[in-house]
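Novice: with the input below, show me the fold.
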Amino acid sequence: MAIGDFALGQFSAGPYSGIAYFNSLTGLNPLTAYSLGLTQDGFMIGWASMSELLNKTDRYGNALIESFHQGTRMSINCIFHEFKETELAMITPNSVVDPTGTSYWSNGIVGSLGTDFSMSLTLTARPNTPASVNGVTSITFPLLKCRSDYDIGMLFGPEHRVIPFMADAFLYSYVSAVSGVAYAVSG
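Specialist: This is a model prediction of the structure:
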């Protein structure tokens, strides 16, 4: 099908389910597959090219002269609609928080490695949807952890309480066999 001079590509849509496996330091059983609950819009996978900028010189002031590629930061975000053990572990990997109101707070161990509290996450297109036929059927993040500088906020009020979530995919970990792979795609 073409519109004017532009050919349309293949389109794909449909819900994905998520399964997480947690590192044992999170307090959850590392051999158990934990399913993710409902999300608002599904999962958004993003990436940003990271660069060191040469943008301060005596001749050109703060003008950008050159940049030096420093890798890619990959992330995944979503908004959870359910307060399940999985979602709570995902938003507080280094500490203990019970945001349902029966709370206590633990700061966690200062200086601990992020990969020690990471998880693997696999998103799979639900069967009998266009996404399961015409697109990426699954995507796996071997090492994923809630973004360190991401402020998670939850509304305590009359509206439905949701959990906004953003995580970074680690490219390398010297404590595991995973190296050089931020994610793997099939489909």
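Novice: any idea how far the closest residue to Ser132 other than its chain neighbours is from Val136?
Specialist: In space, and not counting its chain neighbours, Ser132 is closest to Ala125: 4.0 Å by Cβ to Cβ, 6 or more residues apart in numbering. C-beta here means a position set from N, CA and C on the backbone, and glycine is covered the same way. Counting by Cβ to Cβ, to the nearest Å, the gap from Ala125 to Val136 is 7 Å.
Novice: looking at the two, which is more packed in?
Specialist: Legend: neighbour count by other Cβ atoms under 10 Å for Ala125 and Val136, higher for Ala125 (23 against 16).
Novice: my guess is that one contacts Thr137. True?
Specialist: Yes. At 5.0 Å, Ala125 counts as touching Thr137 under the criterion of Cβ atoms under 8 Å.
Novice: longest strand of this structure?
Specialist: Identified as the longest strand of the chain according to DSSP state E is strand 66-80.
Novice: mind giving me the packing neighbours of the following helix or strand past that strand?
Specialist: Proceeding N to C from strand 66-80, the next assigned helix or strand is helix 85-91, under DSSP states H and E. Under the contact criterion of 3 or more Cβ pairs under 8 Å, 6 or more residues apart in numbering; DSSP states H and E, helix 85-91 touches strand 16-22, strand 34-35, strand 163-169.
Novice: show me what contacts the residue nearest the centre of the chain?
Specialist: Central residue of the chain (Cα atoms, centre = their mean): Ile76, 2.9 Å from the mean position. Ile76 makes contact with Phe43, Met44, Ile45, Gly46, Leu121, Phe141, Leu144, Met166, Ala167, Ala169, according to Cβ atoms under 8 Å, 6 or more residues apart in numbering.
Novice: got TSV for these, with distance to Glu66, neighbour count and pLDDT too?
Specialist: Formatted as TSV, those follow (distance: Cβ to Cβ, whole Å; neighbours: other Cβ atoms under 10 Å; pLDDT from 0 to 100):
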residue	distance to Glu66	neighbour count	pLDDT
Phe43	35	17	90
Met44	31	12	91
Ile45	29	17	89
Gly46	25	10	89
Leu121	36	25	88
Phe141	32	26	85
Leu144	33	24	85
Met166	30	17	88
Ala167	32	23	88
Ala169	28	21	86
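Novice: between these, which sits nearest Leu53?
Specialist: Nearest to Leu53 out of these is Gly46 (Cβ to Cβ; 20.7 Å).
Novice: before we move on, which element is Ser120 in?
Specialist: Short version, using DSSP H and E: Ser120 is in strand 119-125.
Novice: pull up the pairing partners for that strand, direction included.
Specialist: strand 16-22 (antiparallel), strand 138-146 (antiparallel) (DSSP bridges).
Novice: export those to a markdown table and tack on distance to Glu85?
Specialist: As requested, the strands paired with strand 119-125 are exported to a markdown table (distance: least, Cβ to Cβ, whole Å):
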| stretch | distance to Glu85 |
| --- | --- |
| strand 16-22 | 10 |
| strand 138-146 | 15 |
